[in-house]
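Undergrad: everything below, folded, please.
(one chain, ligands or ions: 1)
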Amino acid sequence: MSHLPVISLNTIPQAVALSERVHWVGALDPNLRNFDIILKTANGTSYNAYVVRGSEGVAVIDTVKENFAGDFFTRLEAVARYDEIKVIVLNHLEPDHTGALPELMRRAPQARVYISQKAQSMLKALLKQDHFEFTPVITGDTVSLGDRTLQFLHTPYLHWPDTQCTYLEEEAILFSGDVFGCHFCDSRLFNDVVGDFRFSFEYYYAHIMRPFKEFVNRALTLIEPLTLNTILPAHGPLLRDQPQRYVQRYKELSRSALQSEINEGEKTLLIFYISSYGNTRRMAEAIYEGAMSVDNVRVSLYDLEGSEIAPFVDLIEGADGLIFGTPTINGDAVKPVWDLLSSLAVINLKAKLGGVFGSYGWTGEGVKMVEDRLRGLKLRVPIPGIRIKLIPTEEETQLCREFGHELALDLMGLRQAKVIDIADLV
Ligand code: FEO
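TA: Take a look at the predicted model:
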């Protein structure tokens, strides 16, 4: 009987050479199933850290989560002495990359820490002390290791304010932090030999980078012109095979899905509603009519009772304005509306127009609650929500039409500020 060799996917005994001067010294966390509470991790994750050796010193780029510091130091000691470490680069200060930092600074006290400008206060909070040597850097700054040079790229909000990338000029390697990363643990490490991690790459982008598309696009303007032999992210496979594919994929994912559907000069306004007795639906239809009467506003009406939420998240991301209709039941807006609103954390809603309406029986708090939530999500709500007790009269239906019309005008920048005549008040 033949014996097949046992291959463990999750253990690596030592530092891994990526080139003659660059080593992976990270850690594998194959058993993690949930990252930061919000992300599923079917394949665990890795915390990638790297060592770059120059003729005049060694740089360590990022560290690992605290529980994995032992693996990190074992691998680091296999390729460098602590007294050789001249530079510590932190591309991102979240604890999964800085857990071993305090101990590394104790072991290599001569090393200087390089961080982005926005990381300074975070680093102080992390180390709980003010007295340590660090250099804040911006795009174009470099640090020399003799025959190796690290150049910094300011890439904030990918996905924290502090994030940056670091480029090893002589080898065309980009240490990208969380950017281009994913939670996928496989000890074969390299993208051309690990299992199929495409779903993980897309899932990571959708949950971590998507709210910051604008910043992704800005970062890509710095990254795209670079010659890239390899991209080394802080999580998941090391992208040595066709690294540009991942840059291009980020570019595609950071485009708005609706851009090509909407004509120049048009704005999109989406109305979502749910109705228990048809009254909130009547309001929705009247608001829809009113909004439709404004030129160049593409208005859509959706009943949440007949819908899945996921496709709406894409629509909402590309829309200019959002109006939500909810009845009030037991003193609250109804669950489908809250479910939709709680799904919007993965997209950027800042400065979109918002509006709320709804029919009620007793008290009608739901409209105000949703309005507050929209403001919390950073939408602008230029007109107070409209509430109608039970069945809208013809006069109230007309008010709904006007509400839709005014919101659509506001969306187009055509709404006149109301002039209050003092004579009307006396
Ligand atoms: Fe992998 Fe944002 O930390």
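Undergrad: contacts and neighbour counts: CA atoms only from here.
TA: Will do.
Undergrad: mind listing what's buried along the strand or helix carrying residue 220?
TA: Element membership for residue 220, per DSSP states H and E: helix 213-223. Using 16 or more other CA atoms under 10 Å as the test for burial, helix 213-223 gives 213, 215-217, 219-220, 223.
Undergrad: the residue of the stretch 101-250 of the chain found nearest the ligand: neighbour count?
TA: Closest approach between the stretch 101-250 of the chain and the ligand, counting by CA to the nearest ligand atom: residue 178, at 5.2 Å. For residue 178, the neighbour count with other CA atoms under 10 Å is 29.
Undergrad: what's the closest non-adjacent residue to it?
TA: Ranked by CA to CA, 6 or more residues apart in numbering and with sequence neighbours excluded, the top spatial neighbour of residue 178 is residue 234, at 5.3 Å.
Undergrad: swap in residue 409?
TA: Computed as CA to CA, 6+ apart, the closest residue to residue 409 that is not its neighbour in sequence is residue 415, at 4.9 Å.
Undergrad: and residue 210, what does it touch?
TA: Going by CA atoms under 8 Å, 6 or more residues apart in numbering, residue 210 touches 254, 346-348.
Undergrad: per-residue pLDDT, it?
TA: pLDDT, residue 210: 93.
Undergrad: what do you get for residue 307?
TA: 82.
Undergrad: next one: residue 35
TA: At residue 35, pLDDT is 88.
Undergrad: quick one, what contacts it?
TA: residue 41.
Undergrad: how about it, phi and psi?
TA: Phi and psi for residue 35, reported as degrees, to the nearest 10, are phi -110, psi 130.
Undergrad: quick one, strands of the stretch 201-350 of the chain?
TA: 230-233, 267-273, 297-303, 321-325 (DSSP state E, counting those that start in this stretch).
Undergrad: who wins for proximity to the ligand among those?
TA: strand 230-233 (9.3 Å).
Undergrad: against which helices or strands is that closest one packed?
TA: strand 173-177 (3 or more CA pairs under 8 Å, 6 or more residues apart in numbering; DSSP states H and E).
Undergrad: on that earlier part again, could you find the lowest-pLDDT member of the contacts of residue 210?
TA: Lowest-confidence member of these: residue 346, scoring 87 (pLDDT).
Undergrad: over to residue 402. Which of the three states is it?
TA: helix (DSSP: H, G, I helix; E, B strand; the rest coil).
Undergrad: from what I can see it touches residue 288, true?
TA: No. The pair residue 402 / residue 288 is not scored as a contact, 10.0 Å apart, by CA atoms under 8 Å.
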